[in-house]
Structure formats: C-alpha cells, structure tokens
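Participant: No sequence on hand, only this structure:
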C-alpha cells in the first residue's frame, strides 16, 4: 500500500468534521469518488460535508449521495480531502477557503503538483474512484450499498464504459468485487445512461447531421452555432462529447469541432487517434492540450473557422 | 465443469475437419465466439472452416479471423459446432446441410431447444464467447493473441460494454484475465466503435431528430421511412440499435420504432425498461418477443402506424 494512502487513512481515523471536495463542474469520477468517501466516513461514524463550487449536476441526482451537497466550504472543518482535482484552481471558488496544511489530495491526473499537505497521486489508476476503493479496503469498509454504486459510477464514467486504454485488469477485478458485493449493475447503468433531454437529442441530431468529411475522409468536422443552441434550448454541457462522435466514422483519424461563443469568437476542439498529433495544430492557433485532445479559440465566422482548422489539420497530416 | 462442455472438448480432441457455424447476420458474439473457436482449433492443430449463411460483416473486418469465412457448408466435415444459435433456423441457408447427429451446440439463449447431438446451453452466460473461454480453459489453450481479442469482442458487444444486467462478476474477471494475457483493450475498442459510415450518421441524425414524445414524456417514438433510407443510402443493418436510443431520454419508459418495408408494410420494434411490459402490446398486433423487447408488423402508412402504436403502449401503461 502506498505510504500517502496510509497517511490519509490515519488522518481520517484520527480527525472528524471532514470536508470532502472535488473539482468544479464535476464529472462522474468527481461526484462518484467524493460521494464514495462520504459513504466511508459515514460508516466510520465521522461528521463530514460534500462541498463543491458547482451544484450537483442533474444527471447524477439519482445517485445515493450521503448527506447534502454544498457549494461553499464549511466555516469550520478538521481536515479537507480534494478528490479528482488535478490542481488547486480546479477547486474553483472553494480554493481560497482551503487551508493547504490541512488538505489531503487523492488524484490520478498526470502533472498534479501535489497541492496538499499529503498527496496521493496515482497516474496508473483509471479513476480516482479506483483509489478510493483501495482506501476503503485499508479502512476495512466493505464495497457494498451506496459506496459500491458510487465507486462503480466513478470507474465506469472515467473509463468510457471500461473501453479506454486506462482500463487495467485491476479495474475490471474491482468492478467484479463491487458486483459480488451486491451492485445492481443493469439498473445503475440504465440510470446513468438514460439522462438525455429531448433538447440534447435535437442538438446532437442537427450537429451530427451536418458533419463534413475532408481530405478523402481522414478528417471530420462539426460546427455548433449560437442559433442551433438557442433554437434547441441547449447549453454548453449538452455539447460535451459531441466531438468524440466524429471519430466514430470509419477512416476518420482527426476530428474538428467548432462552437460559436456568445461574443462571436469560436471555441475549437481537436481530437485524434493513435499517432496523429493535433496539439501542434492547436498551438499554432494559440491553443493547447495533448497529442490526441487539444483546443483553443479563434475568430469567426463559424464556417470559416471550421474550414481553416480542417485545412490546418490536413496540412499537418500531409493529406 | 458442465458435462456437455467436457463432451464437446472430447469431440474436438478426437475429430478433425470441424465446421464452425454461427447464426446468419452475425453480431459480435456470433463472429467473436466462432472465430475464437477457430483460434482454439488452430492451436490444437486441427483443420476447420468458419461457415456462415452471411458474409463477414464489414464492421468486423479488422478482427483477427483465423482462416477464410465461407458462406456454404463444406462438402465434407467431421463434426460441426453451432455457436450462438438459439435454434436450427438461425443457421439460415446452412441448416439443411448440417447433419444433426454430428452437431455440437454452444449457446446462451433462453429457450434453445437443443438441436444438436451434444447441447451445451448456459443461459447464465452473458455471451457465447464467455462459454468458449471456458472451453479454451478445458482444452488448455491460453487466452492470448487473436483468441483473447475474439473472446473480448464477443463479450463486450453482447453485454453492451458490460452495462447489461447479464454482466456477471465472472464476466468482468474473464475480461481482466484476457487483459492480463496481453489484449490491447484501448485499440480493440477504438476499432470496434469507430466503424460508422457517414450515411449511417446521416440516417441516425435525421431519425433521432424526428423523435416524438407521447403521454407526458413516458413514451418516445421514431419513424424510419423508405425515402430517408434511400436518400441516405443506408440499409437495414444501419437501423440496428436506433430504438434503444429512444430509451436514453430521461423519463422515457417505453420506446416505439417503426420502419417502412419495401412492400409498404410497417415493421415495428418496442422496447421498455423495468416493469413496463411491451410484449402484450406487440401480441395485440400479432407480434411477439419478450417483456422489454418485442416487435411485429402492421399496415401503413408510417405516421399512422407510429401514432397507433404509441397510443396502444400508452393505453397499456394507463397513461
């Protein structure tokens, strides 16, 4: 067992009034790992609060969240634990209210600077939830009930339904243990997946229907206009994941998505598979990111930005 | 170990020239489990053919299929093994060429009548691939290379990415073993998922964009016209799975999909979640199926059929 994990387990045993934090605009791993730690603390008889700069997203409202979900740091707390936060700023508005000398960090993000007093960062873990499960083992808490479900949600969402290469044998074995402990996997997945609004369906239909292929089908692009979003009654969160669908098309190795911002500027996202490096293209427009996922912003209009980016990606690919 | 599995293992050890069969219009489990058995036979030094009434679907063309995939029964064979076939007619045009006294059946479908000389039917298995993995263990063949990949494809496709309630702890543990044996899970999933044609994207966009909610959002319906399919250049296989997307909408408990056939008749599919029984509705229109998945056909026109079915499902739900 890693030493920082044992240190965190000891701190949780010895202290009370724990503030359980996760990154703002929380995804399934942030919600799931924080709620899971709440379940562990509840079973240890500890007082705790789940605090996040953002309210609990509606898509996770069905989950067994232990206790209220607050959007402010408690005035008084013993220790804080930040889960799934790659750095301090990811805590959003809560960051300035946290005392770093009483902060534990549990995270799996590459490049986490270790912004707490105790930092347990395991970049090999597929999700922070996977790490919280190990902490539960260390603390002798079985992975059943709400704890099992929260851990499962954290794992399954951060691994793309166990499809990303971050999925380890240990990940699947942990999911099997949670299943053996009683998880209703079919029901949990149905709840997790069936949270689309009809507005979101309309947005996706329209945007995907307008997909364009470039360079003989090696590059695909989509555009999301302010007009489409207004007419379908959708918001930024409804655009999450759209760009990944472009990669679903056979032969597409790089995807471009452009979205019109309220001020008329264009936000762009680039995705690629395997060896194709879109980070350099993003950087040439002042953006950033990683080899297979990057982005930035540029001037409009929308259609011109889409064409410019598709051409730039094509040039970088030599197609 | 179940006795029929041991009998099949013994037959495969003692005979040569094995015809490996699976159901026509094969899905991931049919292709994966048949190809996996081929890998096992190859490692045992046996001659074999993979025979199916349908050609290998293009979406699986990237797989490591051991040997050619033929659409006719070989003129001479020692034993045949039918994989993932719920009954004899599922073999399609091959059925009449198979000698049932030299046929082994490996299947997980409920209601399989046992149409071979040796019948190993395990309805608790999430996929036929899961059963073939047990057979590989019995025959001492490690789950690595192409065998591991074929087994994984069978499992992951038949369990909806390990999301259906048929997913057992054993299923996930088996996937973990295949991972430990060297499977590149990220690459396999990328290949498996990124097989859409732009035509299929256009079809889905248009059909999903026309989704209608009924009865206060408890029922959703979609319609697929001949005109849409002709214009997008799509075929029946491109419609597979569309109806399941209707259930993705929050609050929808029953989904109706109608599709215009070349002769103007309407094929319908009904899906539901939990306790909602759509089989009775299907039966009232002369159709059949199960509680949560059923279908049939009725007269057109398309829009009238969609409205009639949505109303019938609503009436059965009392909404």
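Facilitator: Right, received. Where do you want to start? Note that the coordinates shown come from a computational prediction; the quantities given were computed from them, not determined experimentally.

Participant: what ranges do the strands span in chain A?
Facilitator: A:18-22, A:48-51, A:69-70, A:79-83, A:103-107, A:118-121, A:212-214, A:219-224, A:254-260, A:266-272, A:288-289, A:293-298 (DSSP state E).

Participant: In a markdown table: the ones you listed, plus distance to residue B:240, mean neighbour count and mean pLDDT.
Facilitator: For glycine as for every other residue, the C-beta is placed from the backbone atoms N, C-alpha and C. Shown next, in a markdown table, are those (distance: least, C-beta to C-beta, whole Å; neighbours: other C-beta atoms under 10 Å in any protein chain shown; pLDDT from 0 to 100):
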| stretch | distance to residue B:240 | mean neighbour count | mean pLDDT |
| --- | --- | --- | --- |
| strand A:18-22 | 38 | 27 | 98 |
| strand A:48-51 | 41 | 23 | 98 |
| strand A:69-70 | 39 | 18 | 98 |
| strand A:79-83 | 39 | 27 | 98 |
| strand A:103-107 | 40 | 26 | 98 |
| strand A:118-121 | 43 | 21 | 98 |
| strand A:212-214 | 23 | 18 | 97 |
| strand A:219-224 | 22 | 25 | 98 |
| strand A:254-260 | 24 | 26 | 97 |
| strand A:266-272 | 25 | 24 | 96 |
| strand A:288-289 | 35 | 14 | 88 |
| strand A:293-298 | 29 | 18 | 94 |
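
Participant: Any idea which of the ones you listed gets closest to chain B?
Facilitator: strand A:212-214 (6.1 Å; C-beta to the nearest C-beta).

Participant: and that closest one, does that touch chain B?
Facilitator: Yes. Judged by C-beta under 8 Å from any C-beta of the partner chain, strand A:212-214 comes into contact with chain B at residue A:213.

Participant: mind checking how far the one helix or strand in chain A whose mean pLDDT sits lowest is from the chain centre?
Facilitator: In chain A, no helix or strand scores lower on mean pLDDT, DSSP states H and E than strand A:288-289, which sits at a mean of 88. Between the centre of strand A:288-289 and the centre of its chain there are 17 Å (C-alpha atoms, centre = their mean, to the nearest Å).

Participant: can you list the residues that contact it?
Facilitator: A:270, A:278-279, A:282, A:294-296 (C-beta atoms under 8 Å, 6 or more residues apart in numbering or on different chains).

Participant: Adding distance to chain B as columns, could you present those residues in TSV?
Facilitator: As requested, the contacts of strand A:288-289 are exported to TSV (distance: C-beta to the nearest C-beta, whole Å):
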residue	distance to chain B
A:270	16
A:278	16
A:279	19
A:282	21
A:294	18
A:295	20
A:296	25
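
Participant: now, which of the residues you listed sits nearest residue A:228?
Facilitator: residue A:295 (19.3 Å; C-beta to C-beta).

Participant: what about the helices in chain A?
Facilitator: Shown for chain A, the helices assigned by DSSP state H span residues A:3-14, A:28-43, A:128-138, A:145-158, A:169-180, A:185-193, A:198-209, A:226-232, A:242-246, A:279-284, A:302-317.

Participant: Among those helices, which comes closest to residue B:256?
Facilitator: Closest among the helices of chain A, using C-beta to C-beta: helix A:198-209, at 15.0 Å.

Participant: orientation of that closest one relative to strand A:254-260 in degrees?
Facilitator: Put simply, helix A:198-209 runs at 130 degrees to strand A:254-260, going by axes from the mean of the first three to the mean of the last three C-alpha atoms, to 10 degrees.

Participant: show me the contacts for the nearest residue to residue A:55 once chain neighbours are set aside.
Facilitator: Excluding its sequence neighbours, the residue lying closest to residue A:55 (C-beta to C-beta, 6 or more residues apart in numbering or on different chains) is residue A:71, at 5.9 Å. Neighbouring residues of residue A:71 by C-beta under 8 Å, 6+ apart: A:51-55, A:93.

Participant: Greatest separation within those: which pair is it?
Facilitator: A:55 and A:93, at 12.1 Å, using C-beta to C-beta across those.

Participant: Would you convert the strands of chain A into a markdown table that also reports distance to residue A:39?
Facilitator: Shown next, in a markdown table, are the strands of chain A (distance: least, C-beta to C-beta, whole Å):
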| stretch | distance to residue A:39 |
| --- | --- |
| strand A:18-22 | 10 |
| strand A:48-51 | 10 |
| strand A:69-70 | 14 |
| strand A:79-83 | 13 |
| strand A:103-107 | 15 |
| strand A:118-121 | 19 |
| strand A:212-214 | 47 |
| strand A:219-224 | 38 |
| strand A:254-260 | 37 |
| strand A:266-272 | 35 |
| strand A:288-289 | 34 |
| strand A:293-298 | 32 |
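
Participant: about what we covered before: rebuild the helices of chain A as a markdown table, extending it with mean pLDDT and mean neighbour count.
Facilitator: Below are the helices of chain A laid out as a markdown table (pLDDT from 0 to 100; neighbours: other C-beta atoms under 10 Å in any protein chain shown):
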| stretch | mean pLDDT | mean neighbour count |
| --- | --- | --- |
| helix A:3-14 | 98 | 16 |
| helix A:28-43 | 98 | 27 |
| helix A:128-138 | 98 | 25 |
| helix A:145-158 | 97 | 26 |
| helix A:169-180 | 98 | 22 |
| helix A:185-193 | 93 | 19 |
| helix A:198-209 | 96 | 21 |
| helix A:226-232 | 96 | 15 |
| helix A:242-246 | 93 | 21 |
| helix A:279-284 | 96 | 17 |
| helix A:302-317 | 97 | 18 |
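
Participant: tell me which parts of the stretch 1-150 of chain A are close to chain B?
Facilitator: Residues of the stretch 1-150 of chain A lying near chain B (C-beta under 8 Å from any C-beta): none found.
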